[in-house]
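**Q** Got a predicted model here, sequence first, then my questions.
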Amino acid sequence: MTFGTLARRAVSYYRRTNAAVVLGMACAVAVLSGALLVGASVRESLRELSVGRLGQTDLVVTSGGFFREQLAADVAAQTGGTVPIVVADALVAAERSERRASGVQVFGVDERFWRFHAVEAPTLNGSDAWVSPGLARELAVTEGDTLLVRTEMPSAIPAEFLHGRRDEAGRTMRMRTAGVLARARLGEFSLKPQQDEVRAVFLPLGRLQRDLEQRDRVNAILVRCPEQSDGPTDCARPVRQHATLEDLGLAVRPVAGDTALSVESTTGLLADAVARAATETASAEGYQASSLLTYVANAIRHGDREVPYSLVTARGSRERSSDLPSIVVNDWVAQRLGVRGGERVTLEYYVWEGSGRLATRTTDFRVSTIVPIAAADRDFAPNYEGISDATSVADWEPPFPIDLGKIRPADEDYWERYRTTPKAFVPLEVGQQLWGSRYGQLTSVRVSLPQGTDAQTAHGRFARGLRAKLDPLASGLVVIPARQQALRASVGATDFGEYFAYFSFFLVAAAVLLAALFFRLGIEQRIQQVGLLRAVGFSPAAIRHLFLLEAVGLALVGGALGMLGAVAYAWLIMLGLRTWWVGAVGTTLLELHPSFLTLSAGATAGLLVGVVVIWWTLRSLGRASPRALLGGDVASAFAARSPGPPWRLRVTAAGLVAMAFALAASSMAGLIGETAGFFGAGTLVLAGALVAFGARLARREKRGQAHFPTRNERKRGLSPFLSVPRLGIRYAAWRRGRSVLSAALIAAAVFLIVSVEAFRREGAPDATDKASGTGGYALVAESLLPVFHDPATAEGRDALNLIPDSSSDPHASFGLTRFRLRPGDDASCANLYRPQRPRVIGAPAAFIESGRFSFSASTASTDEERRNPWRLLRRRDAGRAVPAIADATSLQYVLHVGVGDELVIDEGERPVRLRIVAALADSVLQGELIIDEERFLEVFPEEEGYRFFLIDIAPPPHADSSHDRGQMSAAVAGFLEARLDDFGFDASSTTDRLAAFHRVENTYLSTFQALGALGLLLGTVGLAAVAVRNVLERRRELALLRAIGYRARDLSVMIVAENAMLLAVGLGAGVAAALVAVAPVAFERGGRLPLLSLAALVLAVLAAGLLSSVAAARASARTPLLAALRSE
Amino acid sequence: MLGLHAADITMRYPTPRGALEVLSGVSLELAPGDAAAIMGPSGSGKSTLLYILGALETPSSGRVTLDEEDPYALPESALALFRNRKIGFVFQDHLLLPHCSVLENVLAPTLVDSSRDGPADRERALTLLAQVGLTDRIDHRPAELSGGERQRAAVARALIRRPRLVLCDEPTGNLDRATAEAVVSLLIDLHTREQTILVVVTHSTLLAERLPVQFDLVDRRLVRRRVDERG
């Protein structure tokens, strides 16, 4: 016989009593392990989803423009496989169903795509289009339906440059639906981690290349890394090796009769780094290099004479002696203008203004020299589409307006003989000031070859030298480690495991405490055995050891059951996430992924906590005298050390509550995080309230008085317990520990439910309030293609066809505030994945000055900044990151950064550092980071035009109801979508968008409240169990009361009164704790809390608790009490 | 006719082997001021008879009246009030409420009568406690009292409602001889003073002999003990 045997026998013999302990432990383990399993399952589901959608893709080689399709074949041998594709965003309309979808992914592919992914290829010819299942559903298309796929027309020349083409931005392709491509055949192929349905259309590569005028060129290569690859950098090495100057959009060509080389870019402008590399390469080869910037002047004017549409080249340095910048004109111009050296000429030219229009500017120069035409040649200018290849000036088709009436025969004669040969030269510094842009400051670098140099050899050597100087991955090509990013993103924006574990805390605590309580009650039943053990020589420590062994045995059984329960619990939660709470996760593809490791971790933690709590309850067992124990004196069985006099408990309670207030105040002052404040303050108030309750019970119990005498009774000096309910309440003090525990179970669950409810967003936001989450804007819109014209100007509205022309068009006046957009990952709470490259929008100055929206936090240090935190975006602290503002919810729950923190956006070789300077409170701008437009152009120079819009609507005076405003918004949205259809314009109501965010947040809260409800269920079960236990324990006393005339109803009143008091204390403590904990949120919302729903919740809790008490009372009424009176 | 009347009481309990008869044709008549002891071996049905007389357990057959009122004809709530107003109990285990003071325990029966008079009840409780010698113990908890003191408190509780019938189930079973004698004296004294009907179930001949009438419960029947059988 050993301690183990004894413990094992006891576990077996008292199995009915122990079942409750086992269940409690199982419950704790199930909840904890289940929470962790949910987190792991969400992560694994997201991983499977994103990795599955990538197929065999490890890397994506892409570029802002197009490059040789052949590059894919060049690098194939050194990788695990490659496939060239064209990727674009599109607006897709279905002709039959008349439905349309924007933001659809277009993939130009051929059979190599499916071969690369090792899946069976569908037939894809001519105008076939295969659609993803999600898109097919959205557009309601079936095989044979016609699809209109509108996508951006690629152009190497930036649209926001003089030669950029802005009016032919899109191309529409008429395709025939070949079928719906199943998931197994890569129908849900996506390079972007996203949990919602993939909306994609697969077009024949050749067709797309032809329509986009990019024959044999692609803008993406999918790369499979070899197994022995050392990560993305190693895998991308062949791309660095095989990329040519052409792939980088560069060309080196022999010019000037093979006496020089010209380095040019297909964009028309050379990036600074490329120009530097070209100059260095020339220097290394011993050649002279000169920088050129050639521009079109609308006129060169002297007096009343002018030469129209001339190319002017900026080169060389400025002469400082002159009052005006110098200009060199060729003798043809001098003759036409009748100008001599030292005389003044004026250049008139267009510049593209950031606001989206061409402006005509003039600059005066003083003629320094007159040179012959032969001083330059036609290759001083790069190839300008619509100009260089024109046979006459009259045939020019430039993307800017020209007045052909100004062209005279002499001009045509010059064009015919000298083509693009510049007619004038200005200093480079001056030219760059006038015509330089964010895309580059030069149009070419001209390298002069020494006399006698073999041009062909020199060309080859120079091109190779230049290529070697350039890193393709820093000069145009970008390698995106798609698989790695997908894996990183799969960690999730929200760690469900973490949140479920947080919100299951009280549930676990309740389960563990219940288990400990039942274990203790079990021991109390066996108290005479404890006495016997003491009598036969067991020390108190040995007895505790024995019971602890039993506890460990029970915990192990409970743990094993709990692990099974965890799988069921996690399965149920995952089912909930796929169905009831799908609004929070936006996908039905989340699956349970059981993991023994995760289950074991949760089980170990749960068991450890359970055993420690039981050990703690046992710490005083057996100290009482064996005689008392043998006599069945339960009260003395757990002769715990006194918690001290009631005053000490009261001081402790006050200290805890004071600490809670300090924490809440610190959270409001921004000294500590809101989460720390939330849980810290709430828990301390909860603990404080329960200690205070314990103190009150102790005081009453010590004085031998009943609870809560009325004022009148105190005045009259009457014995305060003069009613049946108070007799019941009185019992709570007798079993103080149980009473406090029961109240604690309820309080914890109420705390969770009420505090979570306080975060719920209720009511429609005000679309007219500029300080609200809508910013006072009625609509938010996005366009597929960039919009360049400014709709704020009459000219821009005209160009965009935004002038209402019929009675059906809206009469409201509306204003569009335009933002530049760097597309990226959605940073709102609707995205489950952790954004790797969040969307960024560039806010214009007027928007910044308007000071709309409200902020929950900022780094403002001046009154001006505090009045309008948007101004923080304009701060330029040397060496600091670009200031950015984001929605507080996105920052906290999705991006996981705080105000003042820095965020690095992975832009390949040039990461962009953003510093969060303010957080918007509950705004419609939840999906993006906002920076100043000027800074936007610096860090994202390749992003062109405006693609994000906030729209103000000023309805007519009679439209004063929200219904009228809603109708007006819908009318304006319809009008804009129709007129800007070519741009793929998609507008939606700001209130709808905000409400959608609120729905997601509220659904999350509902999931957490469900955990609270489970906690409450456990709490009420605990309360009822304790009540029943108390009834059983008091059987003889209750029987006596029956004997002396108490009715069954009186006993019920006593039991219900006792439990109602515990319930009231639990409710009060829970609500008080929750109110303190949510004070920062209430403060942020101007004191607005969903009081109605909170009151409803509290009443529901009260009703549930009372019902459980009534159930316990009814159970007691059925207990045969008379038997207890018998003495025989 | 006033007093306690039990006529032809039979009590059977169902068991797996058929009904077990505990009492058979038991009859008893006691007038106000009478005191009787019921004796018998363990399991003879003494306590069962006591509970039947105390309106706690309905007999299988027969009739019980107290002051011409049949408690078993009353509905549940009236039955409870009947017990509260007309019957006092003293048990072997004092069955005091451990979380209440002595005074509170004595007052406990008063709580369920809506016509109660709080101050008057308190006065009576204090008087009774003085009579049982517990004046200086009124604020003490049962755990702080000796066995005799607890039983005296139980006696005071039994009398607080001025009952017509006081039923005692082995009131001295857990007491030493001296204490038992003191408690018995107290019971008889208070019974005489309050003119109640006193019925005591006991094994103790000593206690039984202190009462004017004794019964034996033999073979399920109540037999009055003759004088020559005493001792």
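**A** Now that the structure is in, tell me what you want to look at. No experiment lies behind these values; they were computed from the predicted model shown.
**Q** Spatially nearest residue to the residue in chain B that chain A sits nearest to, not counting backbone neighbours?
**A** Nearest residue of chain B to chain A: B:N84, at 2.2 Å (CB to the nearest CB). In short, each C-beta sits where N, CA and C put it, glycine included. Spatial nearest neighbour of B:N84, excluding adjacent residues (CB to CB, 6 or more residues apart in numbering or on different chains): A:G1045 at 2.2 Å.
**Q** sec struct for the one you found, please.
**A** Secondary structure for A:G1045, judged by DSSP: H, G, I helix; E, B strand; the rest coil, is coil.
**Q** Now for it, how many residues are close by?
**A** 27 (other CB atoms under 10 Å in any protein chain shown).
**Q** Assess the claim that it and B:L81 are in contact.
**A** Yes: A:G1045 is within contact range of B:L81, at 6.2 Å (criterion: CB atoms under 8 Å).
**Q** Mutual contacts of these two, please.
**A** Jointly contacting A:G1045 and B:L81 under the rule CB atoms under 8 Å, 6 or more residues apart in numbering or on different chains are B:V112, B:D113.
**Q** Do I have it right that A:T598 meets A:A40?
**A** Yes: counting by CB under 8 Å, A:T598 does reach A:A40; the two are 4.6 Å apart.
**Q** Can you show me the helices along the stretch 751-900 of chain A?
**A** A:794-799, A:845-850, A:863-867, A:888-889 (DSSP state H, counting those that start in this stretch).
**Q** Tell me which residue is most central in chain B.
**A** Central residue check for chain B by CA atoms, centre = their mean: the C-alpha nearest the mean position is that of B:L167, 1.3 Å away.
**Q** any idea which element that residue lies in?
**A** strand B:165-169 (DSSP states H and E).
**Q** What of A:T151?
**A** strand A:146-152.
**Q** counting contacts, what elements does the helix or strand where A:G1012 lies pack onto?
**A** Here A:G1012, judged by DSSP H and E, is contained in helix A:990-1033. For helix A:990-1033, the packing partners by 3 or more CB pairs under 8 Å, 6 or more residues apart in numbering or on different chains; DSSP states H and E come out as helix A:15-54, helix A:496-525, helix A:540-578, helix A:582-585, helix A:736-758, strand A:779-787, helix A:1048-1077, helix A:1091-1118.
**Q** quick one, strands of the stretch 51-200 of chain A?
**A** A:59-68, A:81-94, A:100-109, A:128-131, A:146-152, A:170-180, A:200-204 (DSSP state E, counting those that start in this stretch).
**Q** and the shortest one, what does it pack onto?
**A** Other elements packing on strand A:128-131 under the criterion 3+ CB pairs under 8 Å, 6+ apart are strand A:146-152, strand A:170-180, strand A:200-204.
**Q** these two touch, right, A:P472 and A:P238?
**A** No: taking contacts as CB under 8 Å, A:P472 lies outside contact range of A:P238: 10.8 Å.
**Q** Looking at those two, which has the bigger crowd around it?
**A** More crowded of A:P472 and A:P238, by other CB under 10 Å: A:P472, with 25 against 19.
**Q** my guess is A:P786 contacts A:F949, does it?
**A** No: look at A:P786 against A:F949 with CB under 8 Å: they stay out of range, at 11.5 Å.
**Q** Which one's more surrounded, the two?
**A** A:F949 (23 against 20).
**Q** Okay, helices next: where are they in chain B?
**A** B:46-53, B:76-86, B:102-107, B:118-131, B:147-159, B:177-194, B:205-209 (DSSP state H).
**Q** Including mean neighbour count and mean pLDDT, could these go into CSV?
**A** Below are the helices of chain B laid out as CSV (neighbours: other CB atoms under 10 Å in any protein chain shown; pLDDT from 0 to 100):
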stretch, mean neighbour count, mean pLDDT
helix B:46-53, 25, 89
helix B:76-86, 18, 85
helix B:102-107, 26, 88
helix B:118-131, 16, 89
helix B:147-159, 25, 89
helix B:177-194, 17, 84
helix B:205-209, 17, 87
